Structure formats: structure tokens, C-alpha cells
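Peer 1: Please find the sequence and the predicted model below.
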Amino acid sequence: RRRGPEPTSRRVACRLQLKSRLEYAAFLVAQAVLGLLPRRSALAVGAAAGQLLCWVALPLRRVAMTNLAIAFPDITDHERRRILAVSCRNLGRVAAEFCQLRRLRRETLDRYVAIPDREAWQRVIEQAGQRGAIIVTGHFGNWELLAYAQGLLGHPITLVHKPMRNPWVDRAVVHARARAGTRSIPKRAAAREALRTLRDHGMLVIPMDQNQRGHEGVFIDLYGIPACTNPGAARLARHTGAALVPVFLVREGESARHRVEILPMIEPSDSGAPDRDLVATTQACSDVVADMVRRHPEQWIWFHKRWRTRPEGDAEIY
């Protein structure tokens, strides 16, 4: 007896699985090749791949130009395109540096990562030891190297991690981070582990620059437009008393050198109105990230639909 056509849902699932496996294979090849090249050559290849992405990914390019127009309304399109091109090259270098993480050692880390203000870094460590520390940051500079460097320096962090769509690539990224002691906790199940990390006087990293679904975030002002933002850092600081410390890894030009910038601690709002305080503290955290992006726009990822979630009644942006 002849079987009928395969159900559409099964065919779609098979195609998605094949796509994921091909992506994973490409990831492994890139990781192997870039991991074996001399660092300068790997970064050059990564920058070229990033530039190519800027040229060919037209839908992403449109999103990026929309974001740049929001953040920089007073500059020309030519200057926005220049920022985007440098940002894409930085993203390619980030990918190349990720592929070379296994070659980093504590003894040689200072070739690539400098901590100009050692006293500020020591204060972060002390705050974590006393009451836990929430590292407020974003997908800025080389955020992967920032976490890895902290682990190599003897202060591994816990990272609130939004799993990637490709499960094989996601597991590989989590495994690579773990070599320096970084612990990744899935965003959807983060609350309990995040509380435990802070109560154990650990360091928890929360990126503050990603769009949230309406029921997951709060709306704050970002470059004059409401942006739905993760209130997790503010909520955890209120519940645990942990310090809110903005930390970023800033690339020096387009080189392989980076410096750690540690900014003044953020004081949580304490007006006595919990909901209002949550929004105010989230706004303060977001303002720090937004200021860093304004200062170094070439080091942020402009492809993300940061203003995708809109308040009720607002027009769509993308």
C-alpha cells in the first residue's frame, strides 16, 4: 500500500534540522580555521567577513540604518554608513577572537586586554565578595572576551544567556565560555540561579541592550523613543542588595588591543514606590549603555531590532 505524502510539519522540521546541522558544520569549520591562523591573520579574515556581511545583508542593513538614524539624527547617511561598516568589521573580529579563546592564557592576557584602573577593578572584586555584583553591560566591543578575561583573572562570572536558535551552535558557545569558568544560565530559567549567584557573592553579567517582549520588560527612554528593556538587573539589586557595576571592554581602534572600562556604580532608585523604582533603576542602567554606544558607535551591533516591541498604540518602527 502506497503511503501518502509526508505531513507538511514533518517536512518543515526535517528542513530546519538540516539547516541547523549545516550551520553547525560551517561554525566548526570557521572555528577550526580561524583558531589555527596567527591572530593578526584571523582578525583580518574576520574583518573582511564582517565587511562582506555589511554589503550583502540588505534586510539587516536596513534595520541598522533605522537604528542609526534614531541614535544619531543629526549626522548624514554617509556617516551612518561609515559607522555601520566599521561596526561590521568589529563584529567579524569578535567572531575571530572567539575562535581563538582557547589559545589565551592568563600569563599572556595583557597582550590583548588592559585594565587601566586597577583600583576600580579591585573595588568590583571587593563589592562582589561583600554583597555580590551585577555587571551591567551590553553586546559592545568584544563582550565574549570580557567574560573570558574575567575568568582567566580568577574571577569567573555567571552570564544570563539567551539561547541561540541553533542548539548545536549554542552548546558549542556555552562550552567555549566554560573553559574560563564562565557559567551560562538560560534566560527563561535565570531567576533562581541568578539569586543564588548573588547570595553566594558571585558576579552576574546582565546585558541591557536587547529588546524584550512586552510582558518581560519595562519601557524606558532610549534616544527619545520608548524601548522595552530587561528589568532583571534592577529587580535583583533590589532583592539582594548587590552592587550595580557598569563594565565594558572597549577595542582600541581596529586593533587586537582592548581596555576594560569600569564606570561608577549605579545607585538603585529608592522612592518607596517599587514599580516606579524598578523603571527608574532600569533607566539608569540603560542610560550607561546608551552613553557608551554614543561614545563608541562602531563597537555596537546595529542589526538588532532594539525598538521592536512598541507600547500599545505606537506605530511599528521596522
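Peer 2: Looks like it came in fine. Numbers count the residues shown, from 1 in each chain.

Peer 1: CA only for contacts and neighbour counts going forward, please
Peer 2: OK.

Peer 1: Now do the SS call for His215.
Peer 2: coil (DSSP: H, G, I helix; E, B strand; the rest coil).

Peer 1: hey, where'd the strands end up in this protein?
Peer 2: Taking DSSP state E, the strands of the chain run over residues 113-114, 133-137, 158-161, 183-186, 203-207, 218-222, 225-229, 243-251, 258-262.

Peer 1: Any chance of TSV for those, columns mean neighbour count, distance to Ala13 and mean pLDDT?
Peer 2: Compiled in TSV, those are given as follows (neighbours: other Cα atoms under 10 Å; distance: least, Cα to Cα, whole Å; pLDDT from 0 to 100):
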stretch	mean neighbour count	distance to Ala13	mean pLDDT
strand 113-114	18	43	96
strand 133-137	27	36	96
strand 158-161	22	25	90
strand 183-186	19	23	90
strand 203-207	24	31	94
strand 218-222	19	34	97
strand 225-229	21	32	97
strand 243-251	24	39	97
strand 258-262	20	42	96
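
Peer 1: Identify whichever of those strands lies nearest to Thr8.
Peer 2: strand 183-186 (30.7 Å; Cα to Cα).

Peer 1: chain center to the closest one, what's the gap?
Peer 2: 13 Å (Cα atoms, centre = their mean, to the nearest Å).

Peer 1: Identify the residues contacting that strand?
Peer 2: Contact partners of strand 183-186, identified using Cα atoms under 8 Å, 6 or more residues apart in numbering, comprise Pro156, Ile157, Thr158, Leu159, Val160, His161, Lys162, Pro163, Val174, Arg177, Ala178, Glu193.

Peer 1: got the contact list for Trp300?
Peer 2: So Trp300 contacts Ser87, His139, Phe140, Gly141, Val293 (Cα under 8 Å, 6+ apart).

Peer 1: Let me fix that, I meant to ask about Phe303.
Peer 2: By Cα under 8 Å, 6+ apart, the neighbours of Phe303 are Leu60, Arg61, Val63, Ala64, Asn67.

Peer 1: Nearest residue to it in space, please, no chain neighbours.
Peer 2: The shortest distance from Phe303 to any non-neighbouring residue, by Cα to Cα, 6 or more residues apart in numbering, is to Ala64 (4.7 Å).

Peer 1: count of neighbours near the residue lying closest to Ala30 once chain neighbours are set aside?
Peer 2: Spatially, and ignoring its direct neighbours in sequence, Ala30 is nearest to Cys99 (7.8 Å; Cα to Cα, 6+ apart). Neighbour count for Cys99, taken as other Cα atoms under 10 Å: 24.

Peer 1: Going forward, the N-terminal residue is numbered 53.
Peer 2: In the new count, where the first residue is 53, that last one comes out as Cys151.

Peer 1: so how far is Leu95 from Cys151?
Peer 2: 10 Å (Cα to Cα, to the nearest Å).

Peer 1: Which stretches in the stretch 53-202 of the chain count as helices?
Peer 2: 60-88, 91-108, 110-123, 129-151, 170-183, 195-204 (DSSP state H, counting those that start in this stretch).
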